[in-house]
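next input, structure requested:
(chains A and B)
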Amino acid sequence: MAQIFDRSSNSLTRFSLVLYGVILIGLGVTLNYLQRSPWVTRQGQRAPQPVPFSHKHHVQGLGLQCQYCHTSVEKSSYAGIPPTKTCMNCHAQIWTNAELLAPVRNSWATNQSIVWTKVHDLPDYVYFNHSIHVNKGIGCSSCHGRIDNMPLTYQASTLQMEWCLNCHRNPAENLRPTSQIYQMAWKGPSTLHPVWCANSATTPGTPTAQLVNCTTHDPDNEGAELAALDMPNGPQSPRFNDMKIWSSSGEGSIHAQVPINQHYVKFTDQRDLGKYLLVQYHIRPPRQLTSCDTCHR
Amino acid sequence: MENEHETVTGDRKDTSPKAVSKTAQLIETAQARLAGMTGKRYWQTVDELADTPDFQDALRREFPQHASEWVDSVSRRGFMKLMGASIALAGLTGCTKQPDEPIYPYVKQPEDLVLGKPVYFATAHPFPMGAVPLLVKSEAYRPIKIEGNPEHPMNRGTTDAYTQGTLLGMYDPDRSQRVLYRGDTRDYVNFVADFTAMLRDKSSGGGQGLYFLSSTVVSPTLAAQWKAASAKYPNAKWIQYEPVNRDSARRASKQAFGDYVDAQYRLDQADVILSLDADFLSGLWYPGFLKLAADYATRRSMNPGVEMNRLYSVESTPSTTGFKAEHRLRMRASQMEGFAAAIAAALGAGSAPSGAAWTEEQTAYLNAVAKDLKTNAGKCVVIPGEQAGTGVHLAAIAINQALGNVGKTVVYTETVNPMPTVQIDEMKQLIGDLNAGKVDWLVILDTNPVYDAPADLSFEKAMGHAKTVAHLGLYVDETGSIADWHINGTHYLETWSDVRAYDGTVSVVQPMINPLYGGKSAHNIVQMMLADPDMSPNAAVQQTWNSVLGGKSVDQNGDIHNGLDPQWRKALHDGWIANTAFAPRTMSAKSTALASVAVPDPSAMEVIFRPDPTIYDGRYANLGWMQELPKPLTNLSWDNAALMSIQTLAKLNLVESDVIEIGYQGRKIKASAMVMYGHPDQSITIHLGYGRRNSGRVGTGPGFDAYPIRLADSPLFISGVTVKKTGESYACASTKSHYIDHRDLFARKYGFEEEAEEAKPDTAPHSLEGREAEQRGIIRVATLAEYKQNPGFATDLEDETAPPRSTTLFPEWDYSKGYQWALSIDLNSCVGCNACVVACYAENNIAVVGKHQVQVGRDMQWIRIDTYFEGDLDKPKAYFQPMTCQQCENAPCEQVCPVGATVHTPEGLNAMIYNRCVGTRYCSNNCPYKVRRFNWLLFSDYTTESYKLMRNPDVTVRSRGVMEKCTYCVQRISAVKIRADKENRAVQDGEIVTACQQACPTQAITFGNINDKNSRVSKIKAQERNYTVLADLNTRPRTSYIAGVVNPNPELMENA
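Numbers count the residues shown, from 1 in each chain, chains lettered A, B, ... in the order given. Okay, the predicted model is just below:
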């Protein structure tokens, strides 16, 4: 019987086998990149909005605190989108005729919502709770990036499950003192900018903000007074009075209430600070944080 | 499709004599098997006992016949085409991006609203048998879950199935949405103009010709408004009528005391309880149900110092109350009055009826009960059934008085409903006036007489004689569609009103939401007759309670308030007005003699009418949750049926599903026959409320209308009906056999010798429910004497069969740290009332699937109440067991999931990750408890707008192809854990309450952390009666059960 295939088809077969392999791997690699690409995750994309609201202008420029608008971020799963009323608090007085603000005035006049497009849109089967994150030492910028530098708001992170898990597996990387939650520029301690922390309460039931005092000013030097100003709830917090650790000089003044004889620990590395806060803030172990029922119900 | 119907109803269509012998044969086989069994003989259905081919066929698969097949009438070819396309599309949808989602912020956000955090408001569910005080969970001002008010003295946080279901009622898209005049849309102002014009005309005649027909008035404010209106229009008339009413109690009370009073039973004080056809443990249809059930359960807690009570029940239609009783006597409805009088006579409270002949069994029961009551005089109570005759009530009054129970276990108070009447007498009067042409205007408020008035009164025809008929209601129902005016009513969650709980405590009903469709309530209509016609219901309610709440009050800042503001706010906040409970009245019965007790004809066939356990008198017919809810004992869903004993079925030459025609005085209805174990012979029970002709998309159609043979003079039962077989067949949907497993046959077939031997193939039935209930102790129960002798009876068996913890393929996991959640269910307290099932619907966004899907075993309830019968076919005992995911530590489902969609959490939960599930259903196959539910089709309603408002935002709405199951309300666990973590403290015991636990009227369910040895659940689980189901499989369930203990009367043990 005559040969059906020419000898050359042997090499052709070999080549095509290799080609299939290359195509398969290529397809895998492409899909892998594709599903992590901004096209899918929307990372960095600026959705069209009715008003080109600038966080940069309002936060960096004017110094508005996050919670002025996102009022429920510490209390609820939902940080809150400000009602038109919040805009009108100022814009009834300034920029009253700006064309850009017409949708706001329109909403105010007609009692219809301003319809924004959601920038950070988690899938509906994921249950995310803002309040537990900001109460446990995760700052706004950890997830939302330098929103104070964004003229138009975009999603800084991928918001994919692997991104969530990266932190839930090792939260120490991102923990910061609760006094720094709304500090957009927070970078973590370094040798040049150390952080000093002291635990101030261990009684169960103490809010996280009162568990630890952290300061960026050396409490052993003249920075003690400035450190007091750094304190989360202000030095007049009743809890500090209970502790009876105040210096006796200058009674009644702010200086009098600086907890100068607390034992401060100096941190020059985020990992060390994270590990310290992990314990102080009673952060659940990764095994629990990565349990499916934490986010899926 | 065609084929399927064949098989579902298949041989049931066979009406030849062969079928006759079939039922008889069935009974014979079943009885033979029963006789061959020793010890406790459990079974669920007679088919299972007799092990019929049908039954075996049903068991061959995990889900019943055709459950896994395509149900739409699409050809195979069409199916392939569709599948091809959908696979392609399914692949594509995986790649699509999420669509942009809009955000609609408030323009002005309410000050106290924190979005994402639910708020709870106190209100109450008005019900003719006494209101249920509530705390309603409100998510951004949308009521999304109804819970009992935990601080209320009457219900202490518990609710019932109806109340849970009313939430769906508010969001029902079929509700009436506009005012209609003869079918055309009008504005409410048009009606107001018409009505006020009429009032002007009639003011000279004192309202002559103006009639109101309402449902039972439960609102003191409405009664006050009417009182004021009738002072202005003295000739106007107000009639109350509901098909399920308290006429027997009212008549008895009038005769005995000369006044209308309500009886409140104090079951916490009662050692011996005799129920005379009183179904007081099953549902809201018994006045004071929640308190009665709770008090009954406290006496069965077996806590030290609590003496166990004993319940006797004589009943004409089987109920969960009867089966909870230590001694249950089935008795035909026509004999009840005579038997009640005989007991009274035996206790020296009246004379025995002459001519009544009691069987040996009945005599023995009578003597034993009488003796037991007498010994416990002052510590016993006799409770008459609301749907029993006046004579039963009179006998109960007489016995309670003779035994000195009054003031101790029974107190008489003012009536809870402000305008007590004998409703049927009023209705007859109204029909007379209508037919005489005396009625110009008939205003029908929240009632549906065209559907449910006694048939012989021909309400629809009589209504035609009125010049104008106006109807206010939630639906354009049978009445609303033919009335001249129809006004869309408000749901109680949308309006202001007030009600009394059964202890008399007043609750203000406050709206949770603006009326969805801008409806009006009865308060608005009646107010139009008064001096201030535009006064809002809110103002009217405040006015009523002004004198109670009002006066000067001083607030915390020392400011003096005139008027009722702080007090009013307190009443709204607390959910009730303090100190408004009724004080007991000192009453002495004057005459309790019954005019005459007719000697019933023992051969006459009877029909008993009862409110339906899920849709009551038909008012909840359009609620999918309630329709699909399997009824207690029968597990019947979506229908009612002619319930009868299996002997009667055989005697009438019927098989189940045969449609019979029941004739009475020239009127007839049809109904499908169904066996109710423990039903008296020669008697049929039909539940009311079905066969609705005009009740929206859900309620119109299912079941059989019993009202056409319910006549004005015999609304409770009729005697001497004719029963004819029609030759038709009607397949009902019963969930009873859905979860039966077939492990024995499997074992035999595949040669697991040891197990097969155990199975004793000749005698044992082959289901999880039957054989295993017996041999593996799914149900464990002992008498009080046995328990005292051997307190560890429940786990004796376990010690023998349970494998050591080390016998497992999987590595040991350390559960000794952190929270470890667990649940305990007390089978001694569980009364099988279904409240937990409906609460679970609301909490977990469970879908309704429809009758056909239920027939093929696709019902979605996460918790089910299994009923196990034990013993004789005619006089069985029954045990109820709520069954839901057991959260096994060694979960068999987790091992087989190929995608890791069901996994264990460190806190011991068997978590279900819906978005990961690909629908292989292996987990369900491998679940020995059969508690997993699969979304075969897209059961969740994603399109109806109003349902979107109702859903719990913390729970995923599951899509097609996804497995789901109980999660111990993981969303509630998470919410509390987050709250506790924020406060840097541990979760406290009792802080997390699951939805089923919250609803349970008897507090049979307890949830908590078993690593906390002081938690309630740990303490309960430490009891000796604690056991787990199927412990021999080494699944180590986190849910455990507390074995039941019964307290039978030794004298009746032989008959028991």
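
run through the residues of the stretch 151-297 of chain A sitting next to chain B.
Residues of the stretch 151-297 of chain A found near chain B (CB under 8 Å from any CB of the partner chain) are A:204-208, A:211, A:281-282, A:284, A:287-288, A:291-294, A:296-297. Yep, even glycine has a C-beta here, placed from its N, CA and C like the rest.

repeat that for 10 Å
Contact residues, the stretch 151-297 of chain A versus chain B (CB under 10 Å from any CB of the partner chain): A:161, A:201-208, A:210-211, A:280-285, A:287-297.

filter the residues you listed down to the buried ones, PyMOL style.
Buried members of these, defined by 16 or more other CB atoms under 10 Å in any protein chain shown, are picked up in PyMOL with:
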select buried, chain A and resi 201+207+208+210+211+280+281+283+284+288+289+290+291+292+293+294+295+296+297
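
which ones are touching residue B:1026?
B:792, B:794-795, B:798, B:824, B:826, B:1020, B:1040-1043 (CB atoms under 10 Å, 6 or more residues apart in numbering or on different chains).

phi first, then psi, for it.
phi -70, psi 130 (degrees, to the nearest 10).

that one and residue B:824: what is the separation?
Shown here: residue B:1026 relative to residue B:824, a distance of 7 Å by CB to CB, to the nearest Å.

please identify every residue contacting each of the two.
Joint contacts of residue B:1026 and residue B:824 (CB under 10 Å, 6+ apart) are B:1020, B:1040-1042.

which among those residues gets closest to residue B:673?
Nearest to residue B:673, judged by CB to CB, of the shared contacts of residue B:1026 and residue B:824 is residue B:1041 at 34.2 Å.

name the residues of the lengthiest helix in chain B that are buried.
In chain B, taking DSSP state H as the definition, the longest helix is helix B:17-36. Neighbour-count burial for helix B:17-36, counted by 16+ other CB under 10 Å, picks out B:19-20, B:22-23, B:26-27, B:29-31, B:33-34.

pLDDT of that helix, averaged?
Averaging pLDDT along helix B:17-36 yields 67.

could you give me the average pLDDT of the following helix or strand past that helix?
Once helix B:17-36 ends, the next helix or strand along the chain (criterion: DSSP states H and E) is strand B:42-43. What strand B:42-43 shows for mean pLDDT is 71.

would you mind pulling up the elements that strand B:42-43 packs against?
If you count contacts as 3 or more CB pairs under 10 Å, 6 or more residues apart in numbering or on different chains; DSSP states H and E, strand B:42-43 packs onto helix B:17-36, helix B:46-50, helix B:773-775, strand B:864-870, strand B:877-883.

same thing but at 8 Å, please
strand B:864-870 (3 or more CB pairs under 8 Å, 6 or more residues apart in numbering or on different chains; DSSP states H and E).

paired strands for the strand or helix carrying residue B:383, with orientation please.
Using DSSP H and E, residue B:383 falls within strand B:380-384. Note on strand B:380-384: by DSSP bridges, its sheet partners are strand B:272-276 (parallel).

gap between the partner strand and the chain center?
Relative to its parent chain, strand B:272-276 has a centroid offset of 22 Å by CA atoms, centre = their mean, to the nearest Å.

show the pLDDT at whatever residue of the stretch 701-850 of chain B ends up closest to chain A.
Nearest residue of the stretch 701-850 of chain B to chain A (CB to the nearest CB) works out as residue B:818 at 7.0 Å. For residue B:818, the pLDDT comes out at 87.

need the contact list for it.
A:288, B:906-907, B:1011 (CB atoms under 8 Å, 6 or more residues apart in numbering or on different chains).

separation between residue A:61 and residue A:51?
16 Å.

pLDDT-wise, which helix or strand of the chain ranks last?
You didn't pick a chain, so chain A it is. helix A:238-243 (a mean of 39; mean pLDDT, DSSP states H and E).

wait, chain B was what I had in mind.
Per mean pLDDT, DSSP H and E, bottom of the list for chain B is helix B:2-9, a mean of 36.

how about the residue in the stretch 351-500 of chain B that chain A sits nearest to, nearest residue that isn't a chain neighbour?
Closest contact between the stretch 351-500 of chain B and chain A, by CB to the nearest CB, is at residue B:494 (21.9 Å). Closest residue to residue B:494 apart from its sequence neighbours, by CB to CB, 6 or more residues apart in numbering or on different chains: residue B:515 at 4.3 Å.

was I right about the one you found contacting residue B:493?
No: if you go by CB atoms under 8 Å, residue B:515 and residue B:493 don't touch, sitting 9.5 Å apart.

more neighbours: those two, which one.
Ranked by neighbour count (other CB atoms under 10 Å in any protein chain shown), residue B:515 and residue B:493 place residue B:493 first, with 25 against 17.

correct me, but the more buried one touches residue B:145?
No: using CB under 8 Å, residue B:493 is not in contact with residue B:145, being 11.5 Å away.

the residue of the stretch 351-500 of chain B closest to chain A: neighbour count?
20.

now do residue A:279
11.

dihedrals phi and psi, it?
According to degrees, to the nearest 10, residue A:279 has phi -80, psi -50.

poorly predicted segments of the chain, please.
The chain I'm using is chain A. A:1, A:221-262 (pLDDT under 70).

think we crossed wires, I meant chain B
For chain B, the ranges with pLDDT under 70 are B:1-21, B:36-41, B:45-97, B:355, B:550-564, B:592, B:594-598, B:737-776, B:797-802, B:1054-1056.

point me to the residue sitting closest to the centre of it.
residue B:161 (4.2 Å; CA atoms, centre = their mean).

so which of the contacts of residue B:1026 sit within strands?
Counting by DSSP state E, these place B:824, B:826, B:1040-1042 in strands.

mind putting these in a markdown table, distance to residue A:8 and neighbour count included?
Shown next, in a markdown table, are the ones in strands among the contacts of residue B:1026 (distance: CB to CB, whole Å; neighbours: other CB atoms under 10 Å in any protein chain shown):
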| residue | distance to residue A:8 | neighbour count |
| --- | --- | --- |
| B:824 | 77 | 24 |
| B:826 | 82 | 24 |
| B:1040 | 74 | 22 |
| B:1041 | 76 | 27 |
| B:1042 | 81 | 25 |
